[in-house]
Structures are given as C-alpha cells and as structure tokens.
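S.K.: give the three-dimensional model of this entry:
(2 chains)
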Amino acid sequence: MSLLSVEKLTKSFGGLTAVSNVNMKIEKGELVGLIGPNGAGKTTLFNLLTGVYVPSSGSIKLNIDGNEKELGGLKSYNVTKAGLARTFQNIRLFKDLTVLDNIRIAMHQNVKYGLTSAFFRSNKFYEEEVRLMKEAEQLLDIFKLTHKKNELAKNLPYGEQRHLEIVRAMATKPVILLLDEPAAGMNPNETLELTNTIAQIRKDFNLTVLLIEHDMSLVMKICERLYVLDYGTLIASGAPSEVRTNKRVIEAYLGEDV
Amino acid sequence: MKVLNKKNIITLVLILVFYSVIQGLISARVINSFYEITIATICINIILAVSLNLVTGFTGQFSLGHAGFMSIGAYAGALTVMNTNSTMGFLAGVLIGAIAAAFVGIIIGIPTLRLKGDYLAIATLGMAEIIRVVFLNMNDITNGAAGLNGIPRYANWLWLFVFTAVTLILINNFIKSSLGRACISIREDEIAAESMGINTTKYKVMAFSIGAFFAGIAGALYSSYFYFIKPDLFGFMKSIDILVIVVFGGMGSITGSIIAAIVLAVVTTFLQSFAALRMIFYALLLIIIMIFRPQGLLGTKEITDLFKFKKKSEKIE
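M.R.: Numbering: from 1, shown residues only, chains lettered A, B, ... in the order given. Have a look, this model is predicted:
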C-alpha cells in the first residue's frame, strides 16, 4: 500500500474544473516532482492535499504503517497533525516574529501542557519550554540559521526566508513534506544550495517529499518521479528522462506543431 | 528551572514594594481620597485594557464589545455582594462575574469569531448592545434603567491591587506560553497558522473567553468600588474608551496598555479643572499620538525589552 494515494480527485470552482480526476501514488521515501505550465492546477492540488480546499469528489488516503486515514475534507490543522506539512509559493512566514518563535509555533501541536499549566507556570511548563527550545535549536543548527534565531523573520534575506519556511514545516514533524516552488526567485547558486538541502533532509529525516517546481534543473536533478499536470488533468508521469521526451508534455509547454 | 527562579522572585519583590509605597502614600495622606478614585480607575482600566489587548492586540481579533463582558461581571458581582454583604461574598461575586462573562464569551465567540476584521467588530458591537438591552429589560433583577444603587463597597486599594497584579501575571504567562504563541500566530497569518497545525477557531475562542473572564473581574470590581451601576455605563462609548487605551499603548504590548491606562487617567483627572476644554485636549492628545506613533506608544514591544537590549549590547562590548 502506498504512503499517499490520491484517487479521482476533483475540484471545481463554479464552472471551472481546476483539478479533474487526478490519480497519484507516492511511496515511502520517494522524492516526487509535480510540474506543469502556469495555471495547470498544481497549487490547487496542494491546497486539496493540505486541507485548504475541500475536494468536490475523490479521495486522498494516507497510509502510515498500515493505519489508513482519509484526508479529504479534514481541516488544515488536522492534516498537519496526520503528518503532511507544507511551504507556500508566496512566502507566508510569521513576519513580525523571531526565527525561533516561527519554529516554536510550528511545534505547538506536540506541546504537552494545557491552559492551567500555562497560566500558573507548573513544572511541566518549564520542562516543555526547555525541550521546545532544545529541539528548535537543533533544527536551526541543521539549516545553519542558529546565529539568526533572534532576528525577525522579515529581516532575513529572501533565500533564508525560503529556507526558514522549510525548517518551520519540518518542525511539525511531518511524514510527507510538500514544497510549493521552493526555488522560486532564487539565483542559480541559491537553487543549488537548496537542492542539496532538500536531498540532505530527506536522507536525515527519512522523509517523503512532493515538490512543485518550475526550475527544471532542480527537478531533473533530484526528483525520482514526475507527475505532469495540464489544465487540471494528469498528462504524464514517470522518470524525468521519460517525461522529458513525452510528446504531450512538450506540447503542453511549447504548443503543438503547426 | 522551577517556579521559584530568580526572575519570579524579583517580580514578586517589585510587586510588594510597589504596593507598600502606594499604601504608604495613602496612609500618610499624600494621596487623598480624590486621587484614590483615580488610582481605582487606573487599576480597573488596566485590567480591561490588558484583557482586550489579548483579544485585539495579540490574537488580532478586533472586538468592540468589551464593555458588554464588563457589564456581565458588574451585575453578577453586584447582585452577589448585595445578597451576601461580606468580604467572602464580594470575592465570590468577582469570581461568579468572571465565570459568567467567560461563559458568555464562549457562547458568543463560537459563531462570531468566524467573521474577520470589520465584520467581527460590528458583530461584537451588536453583542454588547444585546447584553445592555437585556440588563435594561430585566427589571426584576437589575432594576432596569435606574440601575443598582447602594452596592456594598468591599473593593478597596488592596483588592484592586491584588486583582490587577494577578491579571497581569496570568495574562503575561499565557502570552509567553505555547498557547499564547499560537494566538499570536493567528494575528500574523491565519492560513499559515492553520497549516502549522494550529486549530485557529479553538485559540480565537480561548483568547476571547479569557479576555471576557478578566473583563468580568474588572466589572465586578467597578460595581463594588463605585457602588452604583446602570446599563448605560456599559454602552458603546465604554468599549471605545477601552479600545483607545489599547491602541494608545500599542496593540500587542502589555506594558503599553499599563502606561496608557495611567497616562490617560492622569490626563483626565488633571483636565477636570478645565471642564470646557477637557474633551478637546483629550482628543488632541490622541490625534497627535496617532500621527507621530501610529503603532501606539510601545507598538508590540514591552518596556522590559529595552533592558534586554541594553544587556545584549553590554555583552558585545
């Protein structure tokens, strides 16, 4: 059984069908790319997977070690609890908070003290806060952001903001990480660094990654398998080398022969 | 790290010193009974402003109905203390008022907190009006428009101080906990917060009802200190007064709210000798602040941050 299986997933907004009848299977540990021309429905598909939109029909099943769970129709925070974490195409950090707070907020769902402990600062409160701090600093270490932990997120350079979004998603302890155009707006050097980071965290945390990307150098280099969307439907899937020569993919990107 | 760490002990000592100084000044009659009323107003306004700040400044939910929760606390507290007429009765009244307000906060919060921005402001405004009209028409219990008179006065400087200090400590603890950070993340970016596993509805309602709880305490203290309440005291203008303190001090700053409550109460007291010009001065002060510091006196910073910054720069040297 695949880790994530999407079956006949459809979303329509009024008369427009943004995603129609999409079938996908993602195995544990894979790094899968989702590509397609602008407006193909990639981000809509992400929003369906992460609970921002409710599917019009179809199912999304997450299978962790035999425990199957339907994600379609769940609220975002429950999808995150189930093990899917995401980043956003247009960066959505908590801009006026520090780097450390951004990460500690993402860790909130695993905090084990309640309202009374918070009000009266029980021993549990102190224990948990110390633990959060330690874990947050470990994560920042891995991404080389430790020296910036007290800076406001909005004051970080663009590339580091993108990195912080990934760190923040990692802080929710996901099983599957969904990256929405992580390399958008980066220069070739930054993209290369990001490519290495993604490969690294995937290895270190035993993660499954699904990423949307327009930068073909990144996609071809690290993705093991690709899904290609056009006008809301899947037009191709397979290894990067196969997809690259697929006629329908070339048509979708460059137009048909005259 | 346990509860009795260095920082908490210092805070406790500061609180006791502050109380003794003011108490000393009252005993020595440096502060006469006229100024004592100003101090009582400051305490009540601090509780109101800090609790509203939790909702509006920290969680980012614009509420125009805070006086409604205050009135619930005021009536519940007044009725309890009138029927028992003892210090225990007064304390029970404060607690009952607070719980009643928090309960109404949850009931009202669940449907209205789905709304955003100005829609939420209007809904909360309507809610406060409904509460006021209900009190106006419950003649048998609340004595209608004439209000409740001769409420026994158990709220004195000691109790006002205790409740203010407890409110400040509890709300500060809440904001600096993981639950408080969850609330702040809603203000920053609701969609991102939800994607990070935070149940935004739950934390909005939580902040709203905690705010209502403390507004209820303020209301009960008010009724007992000023021994007279009527529905009109808790109208739209009262909500605006509280909001002015929060905006003036800075949305998202507890110390800002404290300073603003003190400054505005002192200015009002001082201006009472110039009755005709009072509202003009008051309005001018607010306009000037909004032009030169639109984020309020302290913005989202706290006074204590200034000391932290100093320490850091010393270390670097």
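
S.K.: would you list every one of the strands in the stretch 1-150 of chain A?
M.R.: Using DSSP state E, counting those that start in this stretch, the strands assigned to the stretch 1-150 of chain A run over residues A:4-13, A:16-26, A:31-35, A:57-64, A:67-70, A:84-86.

S.K.: where does pLDDT dip in the chain?
M.R.: Unless you meant another one, I'm taking chain A. In the predicted model of chain A, residues A:258 satisfy pLDDT under 70.

S.K.: switch to chain B, please.
M.R.: Using pLDDT under 70, the flagged stretches of chain B are B:1-3, B:308-317.

S.K.: close to chain A: what parts of it are there?
M.R.: Along chain B, the residues adjacent to chain A under the rule Cβ under 8 Å from any Cβ of the partner chain are B:1-3, B:8, B:170, B:173-174, B:177-182, B:184-185, B:188-189, B:191-200, B:206, B:300. For every residue, glycine as well, the C-beta is placed using N, CA and C.

S.K.: look up how far residue A:30 lies from residue A:207.
M.R.: 10 Å (Cβ to Cβ, to the nearest Å).

S.K.: about what we covered before: buried subset of the residues of chain B next to chain A?
M.R.: Listed as buried from those are B:170, B:173-174, B:177-182, B:184-185, B:188-189, B:192-200, B:206, B:300; burial here means 16 or more other Cβ atoms under 10 Å in any protein chain shown.

S.K.: in helices, which of these appear?
M.R.: Filtering those for membership in helices, criterion DSSP state H, returns B:170, B:173-174, B:178-182, B:184-185, B:188, B:192-195, B:200, B:206.

S.K.: between the strands of the stretch 1-150 of chain A, which one is nearest to chain B?
M.R.: Proximity to chain B (Cβ to the nearest Cβ) singles out strand A:84-86 among the strands of the stretch 1-150 of chain A, at 5.8 Å.

S.K.: other SSEs contacting that closest one?
M.R.: Packed against strand A:84-86 by the contact rule (3 or more Cβ pairs under 8 Å, 6 or more residues apart in numbering or on different chains; DSSP states H and E) you find helix A:158-171, strand A:176-180.

S.K.: pairing partners for the last one, with directions?
M.R.: In this case it means strand A:176-180. strand A:84-86 (parallel), strand A:208-212 (parallel) (DSSP bridges).

S.K.: save those as CSV, and put in distance to residue A:224 and mean neighbour count too.
M.R.: Putting the strands paired with strand A:176-180 into CSV (distance: least, Cβ to Cβ, whole Å; neighbours: other Cβ atoms under 10 Å in any protein chain shown) gives the following:
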stretch, distance to residue A:224, mean neighbour count
strand A:84-86, 19, 27
strand A:208-212, 10, 23
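
S.K.: nearest to residue B:265, out of those?
M.R.: Proximity to residue B:265 (Cβ to Cβ) singles out strand A:84-86 among the strands paired with strand A:176-180, at 47.7 Å.

S.K.: just give me how far that closest one sits from the chain centre.
M.R.: Mean C-alpha position of strand A:84-86 versus that of the full chain (Cα atoms, centre = their mean, to the nearest Å) differs by 5 Å.

S.K.: list the contacts of residue B:40.
M.R.: Neighbouring residues of residue B:40 by Cβ atoms under 8 Å, 6 or more residues apart in numbering or on different chains: B:155, B:157, B:160, B:225.

S.K.: and the most centrally placed residue in chain B, what element?
M.R.: Against the mean C-alpha coordinate of chain B, by Cα atoms, centre = their mean, the closest residue is residue B:48 at 1.5 Å. Taking DSSP states H and E as the definition, one finds residue B:48 inside helix B:33-53.

S.K.: buried set for that helix?
M.R.: Neighbour-count burial for helix B:33-53 flags B:36, B:38-53 (criterion: 16+ other Cβ under 10 Å).

S.K.: still on that earlier bit, reformat the helices and strands packed on strand A:84-86 as CSV; add distance to residue A:117 and mean neighbour count.
M.R.: What follows is those, written out as CSV (distance: least, Cβ to Cβ, whole Å; neighbours: other Cβ under 10 Å):
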stretch, distance to residue A:117, mean neighbour count
helix A:158-171, 21, 21
strand A:176-180, 31, 23
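
S.K.: point out the one among those that comes closest to residue B:269.
M.R.: Nearest of these to residue B:269, taken as Cβ to Cβ: helix A:158-171 at 48.1 Å.

S.K.: could you dump the closest one to PDB, C-alpha only?
M.R.: Listed next in PDB are the C-alpha coordinates belonging to helix A:158-171 (Å, rounded to 0.1, in the frame of the first residue of the first chain):
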ATOM      1  CA  TYR A 158      15.000  36.100   0.600                       C
ATOM      2  CA  GLY A 159      16.800  32.800   0.300                       C
ATOM      3  CA  GLU A 160      16.900  32.300   4.000                       C
ATOM      4  CA  GLN A 161      13.200  33.100   4.300                       C
ATOM      5  CA  ARG A 162      12.600  30.300   1.900                       C
ATOM      6  CA  HIS A 163      14.800  28.000   4.000                       C
ATOM      7  CA  LEU A 164      13.100  29.100   7.200                       C
ATOM      8  CA  GLU A 165       9.700  28.100   5.600                       C
ATOM      9  CA  ILE A 166      11.100  24.600   5.100                       C
ATOM     10  CA  VAL A 167      12.500  24.500   8.700                       C
ATOM     11  CA  ARG A 168       9.200  25.600  10.000                       C
ATOM     12  CA  ALA A 169       7.400  22.800   8.100                       C
ATOM     13  CA  MET A 170      10.000  20.300   9.400                       C
ATOM     14  CA  ALA A 171       9.200  21.500  13.000                       C
END
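
S.K.: give me the residues contacting that helix.
M.R.: Residues beyond helix A:158-171 that count as contacts (Cβ under 8 Å, 6+ apart) turn out to be A:85-88, A:91-93, A:99, A:102-107, A:135-136, A:139-140, A:142-143, A:145, A:148, A:153, A:156, A:177-179, A:182-186, A:190, A:193-194, A:197-198, A:201, A:205, B:196.
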